[in-house]
Every structure is written in C-alpha cells, then in structure tokens.
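Trainee: Build me a model:
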Amino acid sequence: MPEETKKFDLSGDGGVLKEILKEGTGNETPHSGCTVSMHYTGRLVDGTEFDSSVSRNEPFEFALGKGNVIKAFDMGVATMKLGERCFLTCAPNYAYGSAGSPPTIPPDSTLIFELEMLGWKGEDLSPNQDGSIDRIILEPSDKKRSPTDGAFVKAHISGSFEGKVFEERDVEFDYGEGSAIGLVDGVEIALEKMNIGETSRITIKPMYAFGVTGNEAFKIPPNATVEYKVKLIDCGKGLEEWKLSDTERIDEAKVYKEKGTNYFKKENWGLAIKMYTKCKNLLPNNADTNEEVKKLKVATHSNIALCHQKSNDHFEAKVECNAVLALEANNVKALYRRGQCNLIINELEDALEDFQKVIQLEPGNKAAANHVVICRQKIKETKTKEKKLYANMFTKLAANDKETEPPRETDVLSKCGEWSEEDAKREADLTLERDNIIMI
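Mentor: Presented below is the predicted three-dimensional model:
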C-alpha cells in the first residue's frame, strides 16, 4: 500500500491544506508583489472540474499577495518552489464562502486545486513602474519598519555584474543621501520598501545604476544592468512633518539648509539641491508675516539657483531667481543671477534690463556694468545679423519672383487699324492663333 502523502496545514485551522505531488527546485519561493505564472485545475470535492488553465493552454498570471485571487491561492502559491506541483484543498471561508461563484461553484463549497508553479517575476519597485528596479525577497521579515525620508539606515550590500561581485560592504547613511556614499539610486529606492531584517535581491537597470557612463573602478560597462543583494540591518524613524509645529518646522528646515551648504562645499550639486529643497518645503507658508521664514526662503531659493547655475541648468536657475524676486523685488543677487541666466539662454533684452536694475540699486556694481556693455554689444551683433539675414532673404525672394514671372502678352490692340470690308470677308486661320489664349 503506497505511503500517504503528507499534507501541510497552511492556515493553522485546517482551512488550507497543501499536498506536494512533485518537489520544486531550489529554495526560493515567490513573495508578495511578485507576478507569478502557473497552471491550475479547480475541482469540487465530487471531482467536477469547474475551471482549468491547462484546458485553455494558457498560463494564469497574477500579482501575489494583493487580494486579486481567493485567500487560499495567495497562501498556497507563496509556499511553492519553481516547478513544484501540489494539491491545495480550500475550505469555503478561504475560497468563495457562502456566496459561491455561480453557476459553477455552489455556496459553501470546499475546493481542490491542482497547481503547477511555472515561474515568477520580482516586484516592480521603480517609480514609473517600468521594470527598472525588480525585487525578489530572499529572507522575509515580520518587523514592519522601513526607512523613511531622513531616517538613519544601516544595511549590508553586495553588488554583482554577470555573476561577479564588484563591491560588498556595510553602509550607514541618512535615507535620501545615499549618493553621498556612492550608493546607486536603485538600492536606495528598494530600501524604502524593505523591512528590518529582510534580505532581497534587487535587479537594477542602467538608469538607476551606473547609467550611460558605467563605472570604470568596478569594471561596469555603459548601460549595464546590475544585481544587488541587500540586507536591511536597522533603520531609525524619519521626520513626521505633520506632527511639527511652525517653530519645529523652522528648526528642521535650518538643519536641512546646513546639510545643503555642506554638500555645496563638496560640489555635490545634486544633493545640495535636494537638501535645500527639503528646507524650502518644510518652512511654514507665512513668509509675508514672519521675517525669519521669509529670509530662509529667500536664502534657500537663491542657493538652489546657484546650484543649478553650477550644473549648467540655467532655465531652472532662472525659475529659482524668479521665486526670490517674488519675495524681494529688489534682491540684487537674484537680479544679477537672473541676468546671467538670461544672457546665456539668449534672452538679451531681459538680461540687459536685469543688469540695469542692479546698477540702479548699486551704482558702483562693476560686474553688472560690464554685463550691460556685453548685452548691448550682443544685441547690436544680433540686430546686424538679423538685418543681413532679412536682406538676403528679400534678395532671394526677388530673384525667385523674377525667374517665375509669366511671359508678357503682346498688346494686340496697340497695332489695331480700322476694320475693313476685306477683314470681314477673310476667313480666320486658326493655326495662327496662340495656344495659350482662351477662346470664349
């Protein structure tokens, strides 16, 4: 007599029983968020088949753990290895309950599914849901704490490319500032979704890894997809902005302003902008009545503008200068920087106006005076070029008109004499008529 196959109680109350028919390979199983692909055949306890992906010859795909299938399916599939086949017996409260699923599944039905795990894809953590950051949980954790903005993070990372490890280290940083320690964006984004104690494998496409340049030190070529094994060891609690009073928001804003300045000194323009932006967003919306808030906002927008100038992003720099001038219309520094931006983006009249305004406010400002001279010279050169351009255009148009001018018709009336009787008697010779004269 064959030995009875062992059944596993997945629900703890006998409501979901699993019986393995064929062992799967490896040790990994899918986790919540993965897209699984499988075959199934569903039967009632009397053997009546009510649905089958096998019969349709079409694998069934769904996002695991998202409530898109019956409870028993989410529970059972999460325990399956690649290639595994099993029976899953599901009590009504883990299937379709007292309602059933007419017309094929009666109310309060116990169901038996035969399942086969074909494979799964990791959870897409990318901001645009384009598959550029893919996570597979290797060791889950029931500690429900994840890093939030500004929180202390401690993790162990191991990066590999084509099976070869190129870096392995422990990292400690404040969440949102990972790039300061050379952490690729994809790892930092993934960490926000991880729990303390969790280990995951993160597959990261170039845009969130080493991009079009690659990494020479790590021997990573341009446009390379890399893989990181990441364990979140610990993390603190981030700032809960909604709990802060106006005074506390100002204090926290000053902290981020200082961080921004430190990154600016290191010429890390990206992180400097990020920190200054956090400072700006934390400040209360009472700059019109609170002088301290107004000064902080002016300084923050001004610093962001300078960072954008350093990054050669003069359009964004101009936006920040405008924000300063909305708060302080006569801010000389903002006027001067906006003038520089306008000059570079070839808004010459606007640039001249900005520099002239600076001189009105500070008559001895030599830098602004020099830029006024530069603007006038460029405006003059531009007008000369435009004049020459238009002159050439008109010359060409005139030449084209002359080439396409239709032939002049002979003025037959100018040589007409009196109509004689001989003319009246003479028959018309149509061969002498011009073929381009329309006869009516």
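Trainee: Quick one: mean pLDDT for the strand or helix carrying Gly42?
Mentor: In this structure, Gly42 sits in strand 35-44 according to DSSP states H and E. Mean pLDDT, computed over strand 35-44, is 97.
Trainee: and it, what other elements does it pack with?
Mentor: Where contact means 3 or more C-beta pairs under 8 Å, 6 or more residues apart in numbering; DSSP states H and E, strand 35-44 is packed against strand 49-52, helix 53-56, strand 60-63, strand 111-121. (Each C-beta comes from the backbone N, C-alpha and C, glycine too.)
Trainee: Give me the domain ranges for the protein.
Mentor: 7-121, 133-235, 241-377 (automatic domain parsing).
Trainee: where exactly do the helices run in the stretch 1-150 of the chain?
Mentor: 53-56, 71-77 (DSSP state H, counting those that start in this stretch).
Trainee: Deepest in the core, which of those is it.
Mentor: Greatest average neighbour count among the helices of the stretch 1-150 of the chain goes to helix 71-77 (a mean of 22), per mean count of other C-beta atoms under 10 Å.
Trainee: all strands of the stretch 151-300 of the chain, in order?
Mentor: If DSSP state E, counting those that start in this stretch is used as the criterion, the strands of the stretch 151-300 of the chain fall at 152-161, 164-174, 199-204, 226-235.
Trainee: Can you tell me which of the ones you listed is nearest to Ala369?
Mentor: strand 164-174 (44.6 Å; C-beta to C-beta).
Trainee: and the nearest residue to Asp288 once chain neighbours are set aside, what is it in contact with?
Mentor: Closest residue to Asp288 apart from its sequence neighbours, by C-beta to C-beta, 6 or more residues apart in numbering: Lys294 at 7.5 Å. For Lys294, the contacting residues are 287-288, 327, by C-beta atoms under 8 Å, 6 or more residues apart in numbering.
Trainee: How many residues are close by Asn195?
Mentor: Neighbourhood size, Asn195 [other C-beta atoms under 10 Å]: 17.
Trainee: Enumerate every residue touching it.
Mentor: 140-146, 232.
Trainee: In strands only, show me the residues you listed.
Mentor: Here DSSP state E is the test, and the contacts of Asn195 give Leu232 as lying in strands.
Trainee: can you pick the most crowded of the contacts of Asn195?
Mentor: Most surrounded of these: other C-beta under 10 Å gives Leu232, at 25 neighbours.
Trainee: and the residue nearest to it when sequence neighbours are not counted, what does it touch?
Mentor: Of all residues not flanking Leu232 in the chain, Met194 sits nearest, at 4.5 Å (C-beta to C-beta, 6+ apart). Met194 sits next to 146-147, 200, 230, 232 when contact means C-beta under 8 Å, 6+ apart.
Trainee: nearest to Glu58, of the residues you listed?
Mentor: Nearest to Glu58 among the contacts of Met194, with distances taken as C-beta to C-beta, is Ser200, at 30.5 Å.
Trainee: that older thread, compile the contacts of Asn195 into a markdown table and extend it with columns for distance to Asn342 and pLDDT.
Mentor: As requested, those are exported to a markdown table (distance: C-beta to C-beta, whole Å; pLDDT from 0 to 100):
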| residue | distance to Asn342 | pLDDT |
| --- | --- | --- |
| Pro140 | 55 | 91 |
| Ser141 | 54 | 92 |
| Asp142 | 57 | 89 |
| Lys143 | 54 | 91 |
| Lys144 | 52 | 88 |
| Arg145 | 49 | 91 |
| Ser146 | 45 | 93 |
| Leu232 | 47 | 98 |
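Trainee: and which of the contacts of Asn195 is nearest to Lys278?
Mentor: Ser146 (19.1 Å).
Trainee: Identify the residues contacting the closest one.
Mentor: Taking C-beta under 8 Å, 6+ apart, we find Ser146 in contact with 191-196, 232, 235.
Trainee: Closest one of the residues you listed to Val212?
Mentor: Leu191 (24.1 Å).
Trainee: Which residue, other than its chain neighbours, is closest to that closest one?
Mentor: Closest to Leu191 by C-beta to C-beta, 6+ apart is Pro147, at 5.5 Å.
Trainee: what do you get for Gly100?
Mentor: Gly100 sits nearest to Pro107 (C-beta to C-beta, 6+ apart), 4.1 Å away.
Trainee: what about the one you found, neighbour count?
Mentor: 12.
Trainee: Roughly how far does it sit from Pro363?
Mentor: For Pro107, the distance to Pro363 equals 90 Å [C-beta to C-beta, to the nearest Å].
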